[in-house]
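Trainee: Provided below for reference: sequence and predicted model.
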Amino acid sequence: MTRRHKTPLPVSRRSFLAGTGAVAAGVTFMPRSGLSAEEAKLNFYNWDTYIGPDTLSDFREATGIDVTMDLFADNDELFAKLKEGNPGYDVIVPTNDYVERMITAGMLEPLDHDKIPNMDNIEKSFLDANFDPGRKYSLPYMWGTIGIGYRKSEVDGVPDSWKWVYQSDKYAGRLSLLSEVTTVIGIAAKYLGYSLNTTDPKEIKEAEELLIAQKPYIKVFAEDNGQDLLASGEVALCQEWNGDILQVMAEDDDISYVVPKEGALLWQDCLCIPKDAPHPDNAHKFINFINDPAVNADIADFIQYATPNAAAKAMMSDDYTKNPAIFPPDAVLEKCEPAVYLGEKATRLYDEAWTRIQAA
């Protein structure tokens with residue numbers, strides 16, 4: 001079955017839409033009788049613009065469960081929010097290295113795979129992970145890269161190197177980097193020829209010094225809104241998640257995205273249930289719903305990230321499945337690295353370097 005490509009939305013993709021549409025055709029979900037005596041509520045902690053416009057209302061229609069969604073800007077904020085105890089969230093969306101960090105810290109509940117039959121739709125290669133062997137604590141949600149979004153009319157060529165944002169004054173005051181500590185410093189290390197996951201104090205220091213030297217030319221370390229700064233014309237280049245740039249590319253032909261030649265971060269966001277979730281049965285039901293092919297395809301098409309759900313991908317158009325900014329060619333992926341949890345000692349080195357960068 002070939003899924004039709006959606007026509008442009010009448011409002012910005014960057015606006016979250018509290019949709020009230022009917023459940024998509026073909027949606028399968030566990031019967032209400034399978035739920036324990038939980039109140040019909042779910043508290044979801046998610047990235048901004050990282051869900052379909054009707055997903056939450058469709059879930060409510062299908063199950064009777066109301067979803068409250070709060071937003072975080074980056075993994076550091078998510079981790080800090082839950083570090084001292086779960087304030088009441090049922091489902092969270094950490095990135096792979098933070099999944100491992102949270103597992104190590106005892107912050108996640110094991111998943112009951114029997115309650116998530118739709119995990120059979122997930123591509124087999126995603127059903128195991130070094131950061132979570134056997135997928136005991138997480139299931140993949142979306143995956144992708146971090147690269148450079150840019151406005152074609154305002155830059156001289158394609159910014160195919162991290163040098164454009166890490167070691168150049170050409171676009172002074174017109175650059176933004178992300179605000180996540182290990183991502184920004186790790187990519188600086190990769191640009192310098194080291195591993196993105198370096199734990200070597202000398203290499204971390206060299207990356208720190210690079211960023212301090214570049215800081216006068218950086219407009220802002222953006223909290224998950226570099227794409228908005230690019231769309232509004234406040235910056236000409238930004239370090240961002242690929243799907244965020246693709247969302248604004250859909251509205252502006254002057255915007256494009258590139259993975260620099262040095263390689264980049266290859267990431268995977270996951271659905272997890274935090275420790276002491278107040279509605280664990282509803283959380284399993286929500287994760288199962290997200291992995292229904294029709295639901296997952298609608299989400300992926302809207303947010304423009306790569307789905308690990310093989311059944312959903314099979315429903316989608318070539319505009320999505322053959323887009324190299326969503327599914328990069330192997331030659332690009334070979335240069336990319338997934339982030340890994342570096343341990344608390346190395347994490348402190350990164351945090352201390354970040355404090356000095358921010359103070360410079």
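Mentor: Structure received. Residues are numbered from 1 along each chain as shown.
Trainee: Now do the SS call for the closest residue to L333 other than its chain neighbours.
Mentor: Using CB to CB, 6 or more residues apart in numbering and skipping the chain neighbours, the partner closest in space to L333 is L266 (6.7 Å). C-beta: built from backbone N, CA, C; applies to glycine. Look at L266: counting by DSSP: H, G, I helix; E, B strand; the rest coil, its state is strand.
Trainee: Do you know the pLDDT at L266?
Mentor: pLDDT recorded at L266 is 96.
Trainee: Ok, A24 next?
Mentor: 35.
Trainee: cool, S161 as well?
Mentor: We have a pLDDT of 98 for S161.
Trainee: so it is in which element?
Mentor: Using DSSP states H and E, S161 sits within no helix or strand.
Trainee: quick one, what contacts it?
Mentor: Residues in contact with S161, defined by CB atoms under 8 Å, 6 or more residues apart in numbering, are 191, 260-262.
Trainee: contacting residues around the longest helix seen in the chain?
Mentor: Longest helix in the chain, counting residues (DSSP state H): helix 344-359. Contacting residues not belonging to helix 344-359 are listed as 101, 181-182, 184-185, 199, 201, 204-205, 207-208, 211-212, 215, 221, 342 [CB under 8 Å, 6+ apart].
Trainee: now the residue nearest to the spatial centre of the chain: how far from Y50?
Mentor: Central residue of the chain (CA atoms, centre = their mean): D269, 5.1 Å from the mean position. Distance from D269 to Y50, counting by CB to CB, to the nearest Å: 8 Å.
Trainee: anything in contact with each of these two?
Mentor: Jointly contacting D269 and Y50 under the rule CB under 8 Å, 6+ apart are 93, 142.
Trainee: which stretches of this protein form strands?
Mentor: 41-47, 66-72, 91-92, 139-151, 175-178, 218-222, 237-241, 255-258, 265-271, 337-338 (DSSP state E).
Trainee: Spatially nearest residue to Y98 (excluding sequence neighbours)?
Mentor: Closest to Y98 by CB to CB, 6+ apart is N75, at 4.4 Å.
Trainee: If I look at the residue nearest to the residue nearest to the centre of the chain when sequence neighbours are not counted, what pLDDT would I see?
Mentor: Nearest residue to D269, sequence neighbours excluded (CB to CB, 6+ apart): Y141, at 4.7 Å. The model reports Y141 with a pLDDT of 98.
Trainee: Name all residues that make contact with Y141.
Mentor: 93, 269-271, 290, 308.
Trainee: Kindly recompute the last result at 10 Å.
Mentor: 46-47, 50-51, 91, 93-95, 268-272, 287, 290-291, 296, 299-300, 305, 307-309 (CB atoms under 10 Å, 6 or more residues apart in numbering).
Trainee: Could you check the angle the longest helix of the chain makes with strand 218-222?
Mentor: Interaxial angle, helix 344-359 versus strand 218-222 (axes from the mean of the first three to the mean of the last three CA atoms, to 10 degrees): 140 degrees.
Trainee: Contact partners for L127?
Mentor: Contacts for L127 (CB under 10 Å, 6+ apart) come out as 113, 119-120, 134-135, 139-140, 308.
Trainee: whoops, F59 was the one
Mentor: 23, 27, 29, 42, 44, 51, 65-67, 282, 285-286, 289-290, 295.
Trainee: Looking at these, which are in helices?
Mentor: 282, 285-286, 289-290, 295.
Trainee: Can I get the strands of the chain in CSV including distance to D319?
Mentor: As requested, those are exported to CSV (distance: least, CB to CB, whole Å):
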stretch, distance to D319
strand 41-47, 23
strand 66-72, 28
strand 91-92, 29
strand 139-151, 16
strand 175-178, 27
strand 218-222, 28
strand 237-241, 19
strand 255-258, 15
strand 265-271, 22
strand 337-338, 27
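Trainee: Of all the ones you listed, which one is nearest A105?
Mentor: When the strands of the chain are compared by CB to CB, strand 91-92 sits nearest A105, at 13.3 Å.
Trainee: helices or strands next to the closest one in the packing?
Mentor: When contacts are defined as 3 or more CB pairs under 10 Å, 6 or more residues apart in numbering; DSSP states H and E, strand 91-92 packs onto strand 41-47, strand 66-72, helix 75-83, helix 96-104, strand 265-271, helix 280-290.
Trainee: of all those, which lies closest to I146?
Mentor: Evaluated over these, closeness to I146 peaks at strand 265-271, with 4.4 Å, by CB to CB.
Trainee: Could you count how many residues lie near I122?
Mentor: 21 (other CB atoms under 10 Å).
Trainee: now swap in D301 and tell me
Mentor: With other CB under 10 Å as criterion, D301 counts 21.
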